[in-house]
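A.B. asks: what would the 3D arrangement of this be:
(one chain, ligands or ions: 2)
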Amino acid sequence: MASILSDANRRLERALKYVSISEDASERLRYPKASLTVSIPVRMDDGRLKVFQGYRVRYDDTRGPTKGGIRFHPDVNLDEVQSLAFWMTFKCAALNLPLGGAKGGVTVNPKELSKFELERLSRGYIDAIANFIGPDVDIPAPDVYTNPMIMGWMMDQYSIIYRKLSPAVITGKPLSMGGSQGRDTATGTGAFYVLQAMMAKFDRIPQNTTVAVQGFGNAGSVIARLLFDAGYKVVAISDSQGGIYTPSGLDIPSIQQFKTSTRSLQAVYCEGTVCNTVNDHTTITNDELLALDVDILIPAALENQITAENANAIQARYIFEVANGPITSEADDMLSAKGIYVFPDILVNAGGVTVSYFEWVQNRSGLYWSVEDVNARLKTMMVTEGECIWKIAQDLDIRPRTAAYVHALERLGDALNAKGTRDYYVSGI
Ligand SMILES: NC(=O)C1=CN([C@@H]2O[C@H](COP(=O)(O)OP(=O)(O)OC[C@H]3O[C@@H](n4cnc5c(N)ncnc54)[C@H](O)[C@@H]3O)[C@@H](O)[C@H]2O)C=CC1
Ligand SMILES: O=C(O)CCC(=O)C(=O)O
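C.D. replies: Ligands and ions are numbered 1, 2, ... in the order given. As a prediction, this is how the structure comes out:
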């Protein structure tokens with residue numbers, strides 16, 4: 001398979017046809033500004049020293065300090081982190097946040113580490129990248145298999161290194177360490193606001209709308225719950241071990257209550273902990289979930305889930321990309337040919353970074369907001385930018401994804417042009 005970054009760049013090339021930004025500006029956006037690879041030595045509980053590979057990529061900082069999460073996953077590699085940083089750049093611009101794009105990651109299966117090993121790895125990662133980040137430079141946050149506890153350790157480690165409490169260096173922290181109300185639920189909540197606004201355009205009634213959600217973590221479980229509460233029929237959900245499917249609809253609140261990172265969804269369900277009153281459920285694979293005949297499909301796990309291999313099997317009418325990059329560009333073309341609406345990651349999952357931005361603002365001002373305030377601001381921003389993107393799609397007769405890139409590119413192009421070329425050869429010195 002082609003590199004994820006070159007595949008991501010195909011979306012940029014498609015959108016560039018619809019905007020009049022300078023050739024200099026578009027050329028700059030094709031490459032990450034800086035990529036750091038580090039080795040992180042960690043003393044394991046049994047006394048061995050183990051070295052982990054870590055990455056941090058700052059893709060573009062034209063519109064502000066770079067921003068993006070940190071992923072702990074066995075498949076993390078530089079190409080993936082660069083692509084995720086690319087998407088962050090366009091996501092922040094699409095939401096009009098005064099931020100650029102970045103991402104980080106460590107190649108590790110955190111489920112195999114003890115809590116103390118995880119803490120040493122988290123602190124070691126910050127030791128290794130401390131010169132590369134900072135409240136005015138690059139501000140990390142959580143992503144797959146990282147959480148507020150890890151963000152708290154990381155903020156503390158950065159503060160130790162610089163001998164100064166620095167809450168604004170990282171977002172997604174525990175509330176007791178300067179975290180924001182609503183950050184833990186922001187990605188799923190923001191996606192829900194966009195979904196509701198877009199479904200209203202198709203006159204869809206929640207009670208008559210079936211949904212399948214791939215990935216039941218921070219992002220997927222929150223949107224599944226909000227959809228359940230709003231009356232949608234969430235018929236299938238999954239995690240890395242596989243999924244469960246009930247045509248009559250799943251009891252999401254009960255499942256949420258019993259699901260933990262160590263208990264798979266299938267275990268929660270099949271051992272009867274939760275749903276022993278429901279008899280018509282069945283276990284399914286992640287591939288089967290993606291191909292279900294549902295109205296809405298929500299990939300909320302990892303990238304490259306819908307490819308040229310399985311795109312023709314997709315039956316959903318609408319796809320909301322809560323995960324980053326779940327559909328390859330080749331599959332995108334195939335889904336479009338089938339008349340499936342795909343609402344893109346750089347809009348749909350932008351709630352996380354939007355509330356991270358709020359957290360950073362609160363840390364810098366010292367004034368903290370209520371959850372109602374956070375969610376009201378989040379809703380306004382998600383719906384406003386979602387409507388703009390929808391209008392661009394209608395006006396130019398293009399897909400929502402291309403429209404989202406056009407929207408972001410107009411802002412990025414303006415900023416790049418305003419800054420000038422910063423050419424290193426032009427002065428002739
Ligand atoms: N956490 C955040 O604030 C944001 C997350 N995202 C994106 O949302 C997606 C999910 O992230 P989180 O929910 O934060 O991660 P998480 O670590 O909380 O949950 C990940 C979920 O995906 C499942 N999963 C892992 N591999 C899978 C596979 N091969 N098939 C099906 N499920 C699998 C896991 O079991 C877990 O349920 C990622 O693409 C992430 O980049 C996007 C924006 C913000
Ligand atoms: O909250 C943030 O700063 C970044 C969230 C993130 O990594 C993402 O949107 O993919």
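
A.B. asks: residues of the stretch 251-400 of the chain that sit close to ligand 2?
C.D. replies: 324, 349, 352, 353, 356 (CB under 6 Å from any ligand atom). For the C-beta atoms, the positions are set from N, CA and C on the backbone; glycine is no exception.

A.B. asks: 5 Å - rerun?
C.D. replies: Residues of the stretch 251-400 of the chain lying close to ligand 2 by CB under 5 Å from any ligand atom are 352, 353, 356.

A.B. asks: excluding chain neighbours, what is closest to the first one?
C.D. replies: Counting by CB to CB, 6 or more residues apart in numbering, the nearest residue to residue 352 once its immediate chain neighbours are dropped is residue 187, at 3.7 Å.

A.B. asks: what's near enough to touch the residue in the chain positioned nearest to ligand 1?
C.D. replies: When scored by CB to the nearest ligand atom, the chain has residue 217 as its residue closest to ligand 1, at 1.7 Å. Counting by CB atoms under 8 Å, 6 or more residues apart in numbering, residue 217 touches 144, 239, 300, 301.

A.B. asks: nearest residue to whatever residue of the stretch 301-429 of the chain ends up closest to ligand 2 in space, please, no chain neighbours.
C.D. replies: Scanning the stretch 301-429 of the chain for the residue nearest ligand 2 gives residue 356, at 3.2 Å (criterion: CB to the nearest ligand atom). Leaving aside its sequence neighbours, residue 356 sits nearest to residue 171 (CB to CB, 6+ apart; 3.8 Å).

A.B. asks: that neighbour touches residue 139, doesn't it?
C.D. replies: Yes: Residue 171 is in contact with residue 139 according to CB atoms under 8 Å; the separation is 6.2 Å.

A.B. asks: now do the strand or helix carrying residue 36: everything it contacts.
C.D. replies: Assigning secondary structure by DSSP states H and E places residue 36 in strand 34-43. Applying CB under 8 Å, 6+ apart, the contact partners of strand 34-43 are 49-58, 78, 81-82, 106, 117, 120-121, 124-125, 127-129, 132.

A.B. asks: just the buried residues of the residues you listed.
C.D. replies: Buried members of the contacts of strand 34-43, counted by 16 or more other CB atoms under 10 Å: 52, 54-58, 78, 81-82, 106, 117, 120-121, 124-125, 128-129, 132.

A.B. asks: where exactly do the strands run in the protein?
C.D. replies: Assigned strands in the chain, in chain order: 34-43, 49-60, 66-73, 100-107, 138-142, 210-214, 233-239, 242-245, 282-284, 296-299, 318-320, 341-343 (criterion: DSSP state E).

A.B. asks: low-confidence stretches in the protein?
C.D. replies: Low-confidence segments of the chain (pLDDT under 70): 1, 271-281, 421-429.

A.B. asks: quick check: longest helix of it.
C.D. replies: helix 371-396 (DSSP state H).

A.B. asks: got the buried residues for that one?
C.D. replies: 374-375, 377-379, 381-383, 385-386, 388-390, 392-393.

A.B. asks: list the buried residues of stretch 290-297.
C.D. replies: Buried-residue list, stretch 290-297, by 16+ other CB under 10 Å: 290, 291, 292, 294, 295, 296, 297.

A.B. asks: show me the contacts for residue 26.
C.D. replies: 12, 16, 413.

A.B. asks: repeat that for residue 298.
C.D. replies: For residue 298, the contact set (CB under 8 Å, 6+ apart) comprises 191, 211, 212, 213, 214, 220, 223, 224, 319, 320, 322.

A.B. asks: leaving out chain neighbours, which residue sits closest to it?
C.D. replies: residue 213 (4.5 Å).

A.B. asks: contacting residues for that neighbour?
C.D. replies: 220, 223, 224, 234, 236, 237, 238, 298, 300, 322.

A.B. asks: swap in residue 104?
C.D. replies: 54, 55, 56, 57, 68, 69, 70, 71, 81, 125, 129, 140.

A.B. asks: buried stuff in stretch 238-246?
C.D. replies: Here stretch 238-246 shows 238, 239, 242, 243, 244, 245, 246 as buried, counting by 16+ other CB under 10 Å.

A.B. asks: nope, stretch 297-315 is what I meant
C.D. replies: Within stretch 297-315, the residues that qualify as buried are 297, 298, 299, 300, 301, 302, 303, 304, 305, 306, 311, 314, counting by 16+ other CB under 10 Å.

A.B. asks: residue 15 and ligand 2, how far apart?
C.D. replies: Residue 15 sits 19 Å away from ligand 2 when distances are taken as CB to the nearest ligand atom, to the nearest Å.
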